[in-house]
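[1] Next input, structure requested:
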Amino acid sequence: MADVLTDLASLLRCPVTGQQLHLATPEEFRALASHDADGFLVREDGAAAFPVKGGIPSLLPESLIPLQPPT
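    Presented below is the predicted three-dimensional model:
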């Protein structure tokens, strides 16, 4: 399933900014562990993520999880 989501992520864009999304890296996933999701799609600027539950990404603006951008 991760392969399909990886391929899909390259086509998806953030509904707020239009930036490309990628599957959360292990480090990003650990930072998001307090949120109830199977995975996350992270915006290319690293400032936001969207949850993935049951293999289905929630790309609604109200699902956005703010993150600290990488330094």
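[2] got any ranges where this protein has weak pLDDT?
    1-3, 69-71 (pLDDT under 70).
[3] Buried ones in stretch 15-28, by neighbour count?
    Across stretch 15-28, burial judged by 16 or more other CB atoms under 10 Å covers Q20, L21, H22, L23, A24, E28. To be clear about C-beta, it is placed using only N, CA and C from the backbone, and glycine gets the same treatment.
[4] Can you tell me what sits against stretch 47-67?
    In this structure, residues lying in contact with stretch 47-67 by CB atoms under 8 Å, 6 or more residues apart in numbering are 1, 4-5, 8, 12, 14-16, 21, 24, 28, 31-32, 35-43, 46, 68-69.
[5] what about it, how long is it end to end?
    Between the opening and closing residues of stretch 47-67 lies a distance of 5 Å (CA to CA, to the nearest Å).
[6] ok now it, how far from the chain's centre?
    Its chain's average C-alpha position is 5 Å from that of stretch 47-67, according to CA atoms, centre = their mean, to the nearest Å.
[7] quick one: buried residues of that stretch?
    Of the residues in stretch 47-67, A47, A48, A49, F50, P51, V52, P57, L59, L64, I65, L67 count as buried by neighbour count, 16+ other CB under 10 Å.
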